[in-house]
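Participant: test case, fold it:
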Amino acid sequence: MLSACGANLVVRSDEAKRSIGIGNQWIVSFQGNGSKFGTGDGDRTVKIWDTETGKELRTFKGHSQKIWSLAFSPDGCKIAAGSADGTIRVWDTATSQDLFGAMEGHTYSVMGLAFSPDGTRLVSGSWDGTVRLWDEAGKSKVLEGHSGPVISVAFSKDHIISGSADDTIRVWDAVSGGLVRVLRGHTSWVYRVAFSPDFKLVASGSGDGTARLWDVSSGEVLAIYDVGEYVRSIAFSFDGKQVVTGSTYGKVHVWNADVLL
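Facilitator: Residues are numbered from 1 along each chain as shown. Presented below is the predicted three-dimensional model:
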């Protein structure tokens, strides 16, 4: 197991760069260049904010229940939101146009969303146990196989990954939607999955208290990080050399990802 290169990094509220009073938010997502961020909240709205000033720039409405998932397209021109009402909406961030209306298909809350690298397609994961691949017209293809809710999804040039309450991660072909392989090893819900910047590695965080690093092409486990708490969030650094995990009790850990077992 790899050792942490910055373990037990704890950020207190008084050490934050700034605090912005934005109410009760359930989900947050940064636009690609970091100049703006989006939030989804319990009052069913999505908002875009200026990162530097904290000014609210736009508000999007349409969902009938709270927002569970949020994603910007890579170019920042679109923002997608998934709701407890089982629908997805995609808005133009410049004009506020609702591009497709309510995108229906899931039967329960939409827990995860991710755009393709070129921004033309969208993948969603739902509490109904399915993954859906959405095209440029807002039409979807169902990817079935998980036996529990799908909590998190991610999109690369060639693959889609999904993490589920069935303790597995599934790798799908990004074009056909066919199943490529199943990654097994976690012993509890997989809450978060993420691709490395070069799309060669997958990081996963689980309720079993570990994060794992996987080789996409082989499905091999390359590293197991012993977080010791439910791992609720996970991300790679921009250079792909580190993995950051966020856990249930407020700790952030930074781990080496450039040294293999």
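
Participant: for the stretch 51-200 of the chain, just list every one of the strands.
Facilitator: Along the stretch 51-200 of the chain, the stretches classed as strands by DSSP state E, counting those that start in this stretch are 56-60, 67-72, 78-83, 88-92, 110-115, 122-126, 131-134, 140-143, 150-155, 159-164, 169-173, 179-183, 190-195.

Participant: now mean pLDDT too, for these, in CSV please.
Facilitator: Conversion of these to CSV gives the following (pLDDT from 0 to 100):
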stretch, mean pLDDT
strand 56-60, 93
strand 67-72, 94
strand 78-83, 96
strand 88-92, 97
strand 110-115, 97
strand 122-126, 98
strand 131-134, 98
strand 140-143, 96
strand 150-155, 98
strand 159-164, 98
strand 169-173, 98
strand 179-183, 98
strand 190-195, 97
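
Participant: I'd like the ones you listed written out as TSV, with distance to residue 254 and mean neighbour count added.
Facilitator: All C-beta spots, glycine's among them, are computed from the backbone N, C-alpha and C. Listed next are the strands of the stretch 51-200 of the chain as TSV, based on distance: least, Cβ to Cβ, whole Å; neighbours: other Cβ atoms under 10 Å:
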stretch	distance to residue 254	mean neighbour count
strand 56-60	31	15
strand 67-72	24	24
strand 78-83	28	25
strand 88-92	32	22
strand 110-115	23	25
strand 122-126	26	28
strand 131-134	30	24
strand 140-143	32	18
strand 150-155	20	26
strand 159-164	21	27
strand 169-173	22	22
strand 179-183	23	16
strand 190-195	14	25
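
Participant: for stretch 155-171, how far is the first residue from the last?
Facilitator: With Cα to Cα, to the nearest Å applied, stretch 155-171 spans 10 Å between its terminal residues.

Participant: same question, stretch 109-129
Facilitator: End-to-end distance (Cα to Cα), stretch 109-129: 10 Å.

Participant: identify whichever of the strands of the stretch 51-200 of the chain lies nearest to residue 222.
Facilitator: The closest of the strands of the stretch 51-200 of the chain to residue 222 is strand 179-183. By Cβ to Cβ, the value is 11.5 Å.

Participant: the closest one vs strand 159-164, what angle?
Facilitator: 40 degrees (axes from the mean of the first three to the mean of the last three Cα atoms, to 10 degrees).

Participant: looking at the strands of the stretch 51-200 of the chain, which is nearest to residue 28?
Facilitator: Of all these, strand 67-72 comes closest under Cβ to Cβ, at 7.2 Å.

Participant: quick one: pLDDT of residue 14?
Facilitator: For residue 14, the pLDDT comes out at 45.

Participant: I should have written residue 259 there, sorry.
Facilitator: Looking at residue 259, the pLDDT reads 55.

Participant: how close does the residue nearest to residue 197 when sequence neighbours are not counted sit to residue 224?
Facilitator: Excluding its sequence neighbours, the residue lying closest to residue 197 (Cβ to Cβ, 6 or more residues apart in numbering) is residue 240, at 4.6 Å. Residue 240 is 18 Å from residue 224, where distance means Cβ to Cβ, to the nearest Å.

Participant: what residues sit buried inside stretch 224-233?
Facilitator: Across stretch 224-233, burial judged by 16 or more other Cβ atoms under 10 Å covers 225, 227, 229-232.

Participant: could you dump the strands of the stretch 51-200 of the chain into a markdown table with distance to residue 209 added?
Facilitator: Formatted as a markdown table, those follow (distance: least, Cβ to Cβ, whole Å):
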| stretch | distance to residue 209 |
| --- | --- |
| strand 56-60 | 37 |
| strand 67-72 | 24 |
| strand 78-83 | 27 |
| strand 88-92 | 31 |
| strand 110-115 | 21 |
| strand 122-126 | 22 |
| strand 131-134 | 25 |
| strand 140-143 | 28 |
| strand 150-155 | 16 |
| strand 159-164 | 15 |
| strand 169-173 | 17 |
| strand 179-183 | 18 |
| strand 190-195 | 11 |
